[in-house]
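> next one to model:
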Amino acid sequence: MKNTLNILFFLLIVAAPVTLYGNEPVNGKAEAGKIFDVADQKFITEKTLVKRLATTRNILIAIREDNPDHHRLAANIIDKIAGKGRAPAILVSNIERSKQNAFTIFTQRHRDRTKTYDASGLDMLLGWSQSGQPEWAIVRPVFDIAMIRRLPVTAVNFSRYEI
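Below is the predicted model of the structure:
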């Protein structure tokens, strides 16, 4: 537990400090669809962000779980980073570690390297509809990119039995 907290603390410190705005206005302002660099206090382009993230060791993308734009934007950024030759690990904070087998089973079933697979059916293995999480259609873009790019996905949430 202590090591996990240290890792999470480390990730929070070294993560690139930017804010991705979705399609909805923020506090009535026109920031929708823009990327704000918190450190430099200015808006930057997606190209600039991807270039920066392609060389950053640890990246923490926090997503408001019920906002489809956040998931779509995060999936797009992950896809572009993976397109630069990186294979980022996707750590999913809202899936309990006991569900990790779902990812293993899914990747084993879809191991044919000559085919491309999205996340179709992963929700069934995860028991998503009974999880109390937002609709699968909202969160699916990140899982689609992870499966298409064959990125490692790890469930990191503790169950109530582990706490």
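> ok, longest helix in this protein?
Longest helix in the chain by number of residues (criterion: DSSP state H): helix 68-83.
> after that one, next one along is what?
Once the chain leaves helix 68-83, the next helix or strand it forms, by DSSP states H and E, is strand 90-96.
> what is that next one packed up against?
strand 153-157 (3 or more CB pairs under 8 Å, 6 or more residues apart in numbering; DSSP states H and E). All C-beta spots, glycine's among them, are computed from the backbone N, C-alpha and C.
> got the buried residues for the strand it packs on?
Residues of strand 153-157 classed as buried: V153, A155, V156 (neighbour count, 16 or more other CB atoms under 10 Å).
> for E162, which non-adjacent residue is closest in space?
Nearest in space to E162, with sequence neighbours left out and distances taken as CB to CB, 6 or more residues apart in numbering, is R97 at 7.3 Å.
> quick one, helices of this protein?
Here the chain has its helices, by DSSP H, at 2-14, 46-53, 68-83, 100-109, 122-126, 136-148.
> so for I90, which of the ones you listed sits nearest?
helix 136-148 (4.9 Å; CB to CB).
> report how many residues lie close to the residue nearest to V156 when sequence neighbours are not counted.
Spatial nearest neighbour of V156, chain neighbours left out: L91 (4.9 Å); criterion: CB to CB, 6+ apart. Neighbours of L91 under the rule other CB atoms under 10 Å: 17.
> isn't L91 up against L151?
No. Contact criterion CB atoms under 8 Å: L91 and L151 do not qualify, at 10.9 Å.
> picking up where we left off before, quick one: which of the helices of the chain is nearest D40?
Between the helices of the chain, helix 46-53 lies closest to D40; by CB to CB that is 10.3 Å.
> which helices and strands sit right next to the closest one?
By 3+ CB pairs under 8 Å, 6+ apart, helix 46-53 packs against strand 35-37, helix 68-83.
> can you give me the buried ones in it?
Using 16+ other CB under 10 Å as the test for burial, helix 46-53 gives L49, V50, L53.
> just put those in CSV and tack on pLDDT and distance to E65.
Compiled in CSV, the buried residues of helix 46-53 are given as follows (pLDDT from 0 to 100; distance: CB to CB, whole Å):
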residue, pLDDT, distance to E65
L49, 88, 22
V50, 88, 23
L53, 86, 21
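> OK, contacts around the residue nearest to E162?
Counting by CB atoms under 8 Å, 6 or more residues apart in numbering, R97 makes contact with A155, V156, N157, F158, S159, E162.
> now these in JSON lines, with distance to D144 and pLDDT?
Below are these laid out as JSON lines (distance: CB to CB, whole Å; pLDDT from 0 to 100):
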{"residue": "A155", "distance to D144": "17", "pLDDT": "94"}
{"residue": "V156", "distance to D144": "20", "pLDDT": "93"}
{"residue": "N157", "distance to D144": "21", "pLDDT": "92"}
{"residue": "F158", "distance to D144": "26", "pLDDT": "91"}
{"residue": "S159", "distance to D144": "26", "pLDDT": "84"}
{"residue": "E162", "distance to D144": "29", "pLDDT": "85"}
